[in-house]
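**Q** For reference, the sequence and a predicted model appear below.
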Amino acid sequence: MKLLTIFFTISTLLFSQGLYLSSNSLGMQLNKEQVYNGYSCGGENISPDLHWRTTINGVKSFAVTIHDIDAPKKSGWWHWIVYDIPKNVRSIKKGASNLKLLPGGAKEGRNDYGFIGYGGACPPKNDKPHRYVTTLYALNIPKLNVDKNATALKIYQEIKKHTIAKSSIISTYQR
């Protein structure tokens, strides 16, 4: 397990192009805190803490997504999307979505549960372990041009157009 964590960290550093994402909440497997509290999932639905460093020039803002790439839906399942995070911010506190403690200026988008904010993991019972990809994006614009009611997929498409670097943490969860 330790060797896998070291390999993952090295891979993330190499791929991140000067952007490094970490979390005290997220590990190889999600815990009850990050699991949705509904649909018989019985979690606490607490958004994770995130911390980052960057050496990239030209960053004008950041964005974060949490995406279940194994969900039985063509585009996966969007659990959290935060954008317009100011360029000088380097962290998001644990529970920030629930407690409305996002950094000043940051906005949350609508997740695939249909509400704005964090919606934790809740894969189908007895399905294979799902991979939850938490990604930090460094963007070349200070604010995205998206409607406040835009879907997570639409917001992600805008993020993708303006990404200059990204770094991810991959966790799994099964019930």
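**A** Everything's here; your move. Quick caveat, the model's predicted, so the values are computed rather than measured.

**Q** quick one: His67 and Ala121 touch, right?
**A** No: between His67 and Ala121 there is no contact under C-beta atoms under 8 Å: 11.0 Å. The C-beta positions use only the backbone N, C-alpha and C, and glycine is treated the same way.

**Q** list residues touching both of the two?
**A** Counting by C-beta atoms under 8 Å, 6 or more residues apart in numbering, the common neighbours of His67 and Ala121 are 79, 132.

**Q** Just checking, which helix or strand of this protein averages the lowest pLDDT?
**A** helix 2-15 (a mean of 42; mean pLDDT, DSSP states H and E).

**Q** Let me know the next secondary structure element after that helix.
**A** strand 19-22 (DSSP states H and E).

**Q** Sheet partners, orientation included, of that next one?
**A** If you go by DSSP bridges, strand 19-22 pairs up with strand 50-54 (antiparallel).

**Q** Give me the contact list for the partner strand.
**A** Under C-beta under 8 Å, 6+ apart, the answer for strand 50-54 is 18-24, 62, 64, 90-92, 134, 136, 138, 165, 167.

**Q** let's go with 10 Å and repeat that
**A** Strand 50-54 has contacts (C-beta atoms under 10 Å, 6 or more residues apart in numbering) with 16-26, 62, 64, 66, 82, 85, 87, 89-94, 96, 134, 136, 138, 165, 167, 169.

**Q** Just the buried ones among the residues you listed, please.
**A** Buried members of the contacts of strand 50-54, counted by 16 or more other C-beta atoms under 10 Å: 16, 19-23, 25-26, 62, 64, 66, 82, 85, 92, 94, 96, 134, 136, 138, 165, 167, 169.

**Q** Point out where the chain drops to low pLDDT.
**A** 1-16 (pLDDT under 70).

**Q** which one is Arg90 nearest to, not counting chain neighbours?
**A** Excluding the flanking residues, the one nearest Arg90 by C-beta to C-beta, 6 or more residues apart in numbering is Trp52, at 5.7 Å.

**Q** Can you spell out which residues form a bridge with that neighbour?
**A** With DSSP bridges as the rule, Trp52 is bridged to Leu21.
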